[in-house]
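In: Next come a sequence and a model predicted from it.
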Protein chains: 2
Amino acid sequence: MSKHAAGPEIQRMIDLIARLPGLGPRSARRAALFLLKRQEALLRPLAEAFADAADRIERCDQCGNLDTQQPCGICRAGERDDGVICVVEDVPDLWALERAGVFRGRYHVLGGVMSALDGVGPEDLTIGLLVERVRDTAPREVILALNATVDGQTTAHYIADQLEGTVSNVSRLAHGVPVGGELDYLDEGTLATALRSRRGV
Amino acid sequence: MSKHAAGPEIQRMIDLIARLPGLGPRSARRAALFLLKRQEALLRPLAEAFADAADRIERCDQCGNLDTQQPCGICRAGERDDGVICVVEDVPDLWALERAGVFRGRYHVLGGVMSALDGVGPEDLTIGLLVERVRDTAPREVILALNATVDGQTTAHYIADQLEGTVSNVSRLAHGVPVGGELDYLDEGTLATALRSRRGV
């Protein structure tokens, strides 16, 4: 018996699971055992879902979303407003906005943000595609729904610069107190912005 | 768009991943996206490894280990000592002992421990099978390598009672200071046991 006591098939499973974000070798072993105890209830359905996803899901050429259709379901949806494009960092942000259920326009997924530290430049993102898309489709508004991080905001500024002259209305999400949030737990920056942007009741 | 914005195929993936231990809906979404960005490098290999495991891995009828062979590789290994059976709670404990690389006997996997709280009785574990196996194969020694938890120790006592008269030598793992451990971080029970079980140098 080698250092890998689990047999090559199980060890291969564990090694692959351990590559998922947030899972180390120990939790990967735990997850593998959990799956092996539920072969028909969970392991096989997962195998099928993963194979299906690997076969069928691709990036939308138009907006960068992930879907089984090309272009994606949101780009195809006839009832959505072509006049507004919401720019997001990545697909989970798109999912988050869709869960909020108030945005009825189209999306543009950048595939990340510019980051000097990680060596991600504008050419690594779909910014060129966005500028082209805005020029071609002439939307009324582009919403830069990027994360309120340094990299997110740097990217937002860069995109706003690139869009100069192509669209009159470029907006960003409001900063403020999260719904259900307690002031005591908020950082000063958020509080200051919330105070400056106060609204009449 | 519904509350599930990710499309049915991706949502199915997320829902299944979220059932793994230690993963909530948020980390499942993160893992799904991570996989979808690595379709050929990770998603498809995982699908194949899971399908392979679901097809081929089963519990060893003899010892309860998980393997692609029946009986398992450890039960078949000719060079191992039939005279010692090491009883463990579950397969990860067997893996841990194999990684330690000092035990050359056979194993018996209980499939859990007795737990009044979780309603797990001796009949839910492979204790009957163990007693039968010990009676049939007459090993020199049975090592109860159960976890040092209340349930683990209760189970160990129960098994020792059941084995009464079938094997002369029933042992348990030593308690003490973990190798590399600092006394300051140890609980009093472990320290007291380590002190009582001290050895000459």
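Out: Cool, got the structure.
In: Would you mind listing the residues in contact with A:Ile74?
Out: A:Cys60, A:Cys63, A:Asn65, A:Asp67, A:Arg80, A:Leu94, A:Glu98, A:Arg106, A:Tyr107, B:Met1 (Cβ atoms under 8 Å, 6 or more residues apart in numbering or on different chains). From N, CA and C alone the C-beta is placed, and that goes for glycine too.
In: Can you tell me how far the closest residue in space to A:Cys75 that isn't next to it in sequence is from A:Val109?
Out: When the adjacent residues along the chain are set aside, A:Cys75 lies closest to A:Gln62, with 4.7 Å between them (Cβ to Cβ, 6 or more residues apart in numbering or on different chains). Distance, A:Gln62 to A:Val109, using Cβ to Cβ, to the nearest Å: 10 Å.
In: what about these two, which has more around it?
Out: A:Val109 (26 against 19; other Cβ atoms under 10 Å in any protein chain shown).
In: Just send the contacts of A:Ile74 back as JSON lines, with pLDDT, secondary structure and neighbour count too.
Out: JSON lines is the format used below for those (pLDDT from 0 to 100; DSSP: H, G, I helix; E, B strand; the rest coil; neighbours: other Cβ atoms under 10 Å in any protein chain shown):
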{"residue": "A:Cys60", "pLDDT": "95", "secondary structure": "coil", "neighbour count": "21"}
{"residue": "A:Cys63", "pLDDT": "94", "secondary structure": "coil", "neighbour count": "24"}
{"residue": "A:Asn65", "pLDDT": "94", "secondary structure": "coil", "neighbour count": "27"}
{"residue": "A:Asp67", "pLDDT": "93", "secondary structure": "strand", "neighbour count": "22"}
{"residue": "A:Arg80", "pLDDT": "95", "secondary structure": "coil", "neighbour count": "16"}
{"residue": "A:Leu94", "pLDDT": "92", "secondary structure": "helix", "neighbour count": "25"}
{"residue": "A:Glu98", "pLDDT": "89", "secondary structure": "helix", "neighbour count": "19"}
{"residue": "A:Arg106", "pLDDT": "96", "secondary structure": "strand", "neighbour count": "21"}
{"residue": "A:Tyr107", "pLDDT": "96", "secondary structure": "strand", "neighbour count": "26"}
{"residue": "B:Met1", "pLDDT": "37", "secondary structure": "coil", "neighbour count": "17"}
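In: Quick check: pLDDT value at the residue nearest to A:Cys75.
Out: Per-residue confidence (pLDDT) for A:Gln62: 93.
In: same deal with A:Arg12?
Out: 93.
In: With A:His4 instead?
Out: 53.
In: for chain A, where's the lowest mean pLDDT among helices and strands?
Out: helix A:188-196 (a mean of 83; mean pLDDT, DSSP states H and E).
In: starting at the chain centroid, how far to that one?
Out: How far helix A:188-196 lies from its chain's middle: 26 Å, per Cα atoms, centre = their mean, to the nearest Å.
In: same question, stretch A:15-22
Out: 20 Å.
In: Can you point out the buried residues in that stretch?
Out: Neighbour-count burial for stretch A:15-22 flags A:Asp15, A:Leu16, A:Ile17, A:Ala18, A:Leu20 (criterion: 16 or more other Cβ atoms under 10 Å in any protein chain shown).
In: Tabulate the CA atom coordinates of the least confident helix or strand of chain A in PDB.
Out: This file holds the C-alpha atoms of helix A:188-196, laid out as PDB (Å, rounded to 0.1, in the frame of the first residue of the first chain):
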ATOM      1  CA  GLU A 188     -16.900  54.400   7.500                       C
ATOM      2  CA  GLY A 189     -16.700  54.700   3.700                       C
ATOM      3  CA  THR A 190     -20.100  53.000   3.200                       C
ATOM      4  CA  LEU A 191     -21.700  55.100   5.900                       C
ATOM      5  CA  ALA A 192     -20.200  58.400   4.600                       C
ATOM      6  CA  THR A 193     -21.500  57.500   1.100                       C
ATOM      7  CA  ALA A 194     -24.900  56.500   2.400                       C
ATOM      8  CA  LEU A 195     -25.200  59.800   4.300                       C
ATOM      9  CA  ARG A 196     -24.100  61.900   1.300                       C
END
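In: That's all I had, so thanks and see you.
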